[in-house]
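Novice: Next one to model:
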Amino acid sequence: MIQIKNVTFSYSKQKALLSDLSLQLESGRIHGLLGKNGEGKSTLLKLMSGLVFPQSGSLDVMGFVPSKRDPLMLSEIFFLPEELPQLNISVANFEKVYAPFYPNFSSEQFNNFLNEFDVNDKASLLTKLSHGQKKKVMIAFGLATNTKLLLMDEPTNGLDIPSKGQFRRMVASVIDESRCLIISTHQVHDLDSLIDNIIIMEKHKIVFNQTLENIAAKLTFKVADRGTVNDQVIYSEDTLRGLYQVCKNAGNEDSKVDIELLFNAVLTNTNELTSVFNQ
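Specialist: Residues are numbered from 1 along each chain as shown. Down below sits the predicted model:
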């Protein structure tokens with residue numbers, strides 16, 4: 001669905017934020033784009049949606065060149081930015097104005113998602129809602145567009161703990177083989193049990209891109225007693241419960257992928273982890 005080849009991008013004359021970046025993403029998956037603040041995650045989403053243009057390299061999104069802003073492409077992309085627009089209209093009027101841009105928009109789904117988020121008054125002005133409530137409206141609308149490509153930048157910022165759980169359930173309910181969802185975040189915990197492909201950015205580059213199936217096949221995640229010797233350990237964290245470890249999966253063990261532990265392992269020991277997946 002998305003092919004990015006050797007893309008370089010910078011704002012004005014600043015040092016390149018993204019340099020020679022390549023990435024290929026499939027439909028039917030929920031991709032988690034992880035990285036610290038300032039790595040270029042938001043810019044990468046903007047490039048995919050045609051909001052900014054690369055200085056060099058190429059992007060192919062669903063067979064379109066994003067920078068050409070083809071209306072057919074735009075009708076199949078919904079981009080939820082981290083900073084929400086300030087619109088002085090009601091929730092109902094927001095739907096009335098923007099839903100026609102998306103041919104597969106479902107008003108029934110929108111209402112159901114709003115109800116699940118406990119946003120019950122569509123007459124409310126968006127400017128009068130709290131940041132969290134406004135974020136819920138935009139998430140509900142985005143999911144109800146039923147676009148082939150859904151881009152979300154830090155969608156869980158501003159949501160309370162119960163709402164984050166609701167968000168994960170809603171997202172899981174709408175993804176099928178024809179749709180692709182990319183969620184950019186630095187809050188790794190919020191994507192637990194949701195994403196099935198992990199992309200990690202470090203120093204403005206893609207340093208890791210693997211499906212959960214591949215990760216579980218190549219690595220094990222365990223808690224070991226202090227003093228335990230294991231020559232398969234790639235990364236460990238000392239906690240009150242013991243040593244949290246990422247190990248090579250030499251014995252074909254089953255373990256649940258710990259996304260936060262994996263993220264820390266990648267940033268700390270990129271080369272060794274890369275070699276594990278290249279074997």
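Novice: any idea which element the residue nearest to the spatial centre of the chain lies in?
Specialist: The C-alpha lying nearest the average C-alpha coordinate of the chain belongs to residue 183 (C-alpha atoms, centre = their mean; 1.5 Å). Per DSSP states H and E: residue 183 is located in strand 180-185.
Novice: from what I can see the residue nearest to the centre of the chain touches residue 164, true?
Specialist: No. Using C-beta atoms under 8 Å, residue 183 is not in contact with residue 164, being 12.0 Å away. Backbone N, C-alpha and C define where each C-beta goes, glycine included.
Novice: mind listing what's buried in the strand holding residue 183?
Specialist: Using 16 or more other C-beta atoms under 10 Å as the test for burial, strand 180-185 gives 180-185.
Novice: Closest one to residue 168 out of those residues, please.
Specialist: For the buried residues of strand 180-185, the minimum distance to residue 168 (C-beta to C-beta) is 10.2 Å, reached by residue 183.
Novice: Tell me which residues touch the closest one, please.
Specialist: If you count contacts by C-beta atoms under 8 Å, 6 or more residues apart in numbering, residue 183 has them with 30-33, 152, 155, 171, 191, 194-195.
Novice: And the buried ones among those, selectable in ChimeraX?
Specialist: To isolate the buried subset of the contacts of residue 183 in ChimeraX, counting by 16+ other C-beta under 10 Å, use the following:
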select :30,31,32,33,152,155,171,191,194,195
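Novice: Show me which pair in the contacts of residue 183 is furthest apart.
Specialist: Top of the distance list for the contacts of residue 183 (C-beta to C-beta): 33 and 171, 14.3 Å.
Novice: ok, back up a step: now find how far off-centre the helix or strand just after the strand holding residue 183 is within its chain.
Specialist: As assigned by DSSP H and E, the chain's next helix or strand after strand 180-185 is strand 197-202. Strand 197-202 sits 9 Å away from the centroid of its parent chain (C-alpha atoms, centre = their mean, to the nearest Å).
Novice: Repeat that for stretch 207-214.
Specialist: On C-alpha atoms, centre = their mean, the centre of stretch 207-214 falls 14 Å from that of its chain.
Novice: now swap in stretch 219-228 and tell me
Specialist: With C-alpha atoms, centre = their mean as the basis, stretch 219-228 stands 29 Å off its chain's centre.
Novice: Show me the contact partners of that stretch.
Specialist: Here stretch 219-228 has contacts from 230, 232, 234, 236, 238, 241-249, 253, 255-258, 261-262, 276, using C-beta under 8 Å, 6+ apart.
Novice: and these, which of them are in helices?
Specialist: 261-262, 276 (DSSP state H).
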